[in-house]
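> attaching a predicted model along with its sequence, questions to come.
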Amino acid sequence: MTSSAILLLNRASGAPVPPFLRGALGPADPFAAGRELAWSIPVAAGGCVDFAGSVEIAAFPHTEALVVLAGALTLVADGAAALTVPAGSGAVIARGTRLRIEAAAGTRWAFYAGTAGTALAPGVTRLTADAALSSSAAPPADVLTGPAPQCRSFNAFTEEAANLRAGLWDSTPYARISRPHKVSELMHVLDGAVDLTGADGKVVTVAKGDTVLVPQGTPCAWDSRVHVAKFYVVHEVAG
């Protein structure tokens, strides 16, 4: 299920988004019954999950970065304190992690999963909106259509073997031309709004609380006229 389109996964307003296909990430996927796939390739997938109840997992079968959209998740990794992830926050479960997952009725999250490679450090990493940010590089001058923005970021999780990272980013307003997206990226907007324009010229406005997935190689222009903060999951697929 490949795509070269900008894929809207969730509207904070509750407005409908295009339906997704039900599907599992493999025979050991603990959320197979409630997983919806918006996009997938042999080494990754993205979409949403509905889950309620409790499940014990001896070794999590892939690396899954998630942002809770409704309800709350409790993640209890082997040897660690319980971590409750409420709506608007996120976490990354690394491949191979032994843990228990609990969720109240109505819990739903957006996800990006790396389904190939080997995690070097099983465990659970929090994604929080109050992480301390440091200055980071602005987009290259040759793609900007106006002044360079001031960008900051905090990379909370890295899986080197899969070229997958997750964290927090913010920026002052800026605009850039359409270009093929260099990575596959899940974005959950925490503040502000941005217009993303696809190859067909259609503008997708992603605002506070909305979640979108841009597959690697998808033509995409960016235009933000206000400060934007987001959780990101970025994955560069070689070749």
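Nice, I can see it. Numbers count the residues shown, from 1 in each chain.

> tell me which strands the longest strand seen in the chain pairs with, and in which orientation.
For the chain, the strand with the greatest residue count under DSSP state E is strand 99-114. In the sheet containing strand 99-114, the strands it pairs with under DSSP bridges are strand 44-57 (antiparallel), strand 63-70 (antiparallel), strand 72-77 (antiparallel).

> what stretches of this structure score poorly on pLDDT?
1-2, 118-120, 239 (pLDDT under 70).

> and it, what are its domain boundaries?
Domains of the chain are assigned by automatic domain parsing as 7-127, 134-235.

> just to check, residue 48 is in contact with residue 8?
No. Look at residue 48 against residue 8 with Cβ atoms under 8 Å: they stay out of range, at 11.0 Å. C-beta: built from backbone N, CA, C; applies to glycine.

> helix/strand/coil for the most centrally placed residue in the chain?
The centroid of the chain falls nearest to residue 186 when counting by Cα atoms, centre = their mean (3.4 Å). For residue 186, the assignment made with DSSP: H, G, I helix; E, B strand; the rest coil gives strand.

> can you pull the contacts of it?
Residues near residue 186 by Cβ atoms under 8 Å, 6 or more residues apart in numbering: 9, 46, 65, 67, 110-112, 211-213, 231-233.

> what of residue 189?
Residues in contact with residue 189 (Cβ under 8 Å, 6+ apart) are 206-211, 228-230.

> let's see 6 Å
206, 208, 210, 230 (Cβ atoms under 6 Å, 6 or more residues apart in numbering).

> now, which of the residues you listed sits nearest residue 19?
residue 210 (17.2 Å; Cβ to Cβ).

> I'd like to know how many residues surround the closest one.
Number of residues near residue 210 (other Cβ atoms under 10 Å) recorded here: 24.

> burial count for the nearest residue to residue 236 once chain neighbours are set aside?
Excluding the flanking residues, the one nearest residue 236 by Cβ to Cβ, 6 or more residues apart in numbering is residue 163, at 4.2 Å. If you count neighbours by other Cβ under 10 Å, residue 163 ends up with 17.

> cool, residue 11 as well?
Residue 11, neighbours per other Cβ under 10 Å, totals 16.

> now it: how far from residue 54?
29 Å (Cβ to Cβ, to the nearest Å).

> re earlier: neighbour count and distance to residue 170 added to the contacts of residue 186, as a markdown table?
Shown next, in a markdown table, are the contacts of residue 186 (neighbours: other Cβ atoms under 10 Å; distance: Cβ to Cβ, whole Å):
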| residue | neighbour count | distance to residue 170 |
| --- | --- | --- |
| 9 | 27 | 21 |
| 46 | 29 | 22 |
| 65 | 31 | 18 |
| 67 | 27 | 16 |
| 110 | 27 | 19 |
| 111 | 27 | 22 |
| 112 | 27 | 20 |
| 211 | 25 | 17 |
| 212 | 26 | 16 |
| 213 | 24 | 20 |
| 231 | 26 | 11 |
| 232 | 20 | 10 |
| 233 | 31 | 16 |
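
> helix, strand or coil for the nearest residue to residue 42 once chain neighbours are set aside?
Distances taken as Cβ to Cβ, 6+ apart place residue 116 nearest to residue 42, at 7.1 Å, with adjacent residues excluded. Under three-state DSSP, the three-state class of residue 116 is coil.

> same list (the strands paired with strand 99-114) but as JSON lines, adding distance to residue 98.
Shown next, in JSON lines, are these (distance: least, Cβ to Cβ, whole Å):
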{"stretch": "strand 44-57", "distance to residue 98": "7"}
{"stretch": "strand 63-70", "distance to residue 98": "14"}
{"stretch": "strand 72-77", "distance to residue 98": "7"}
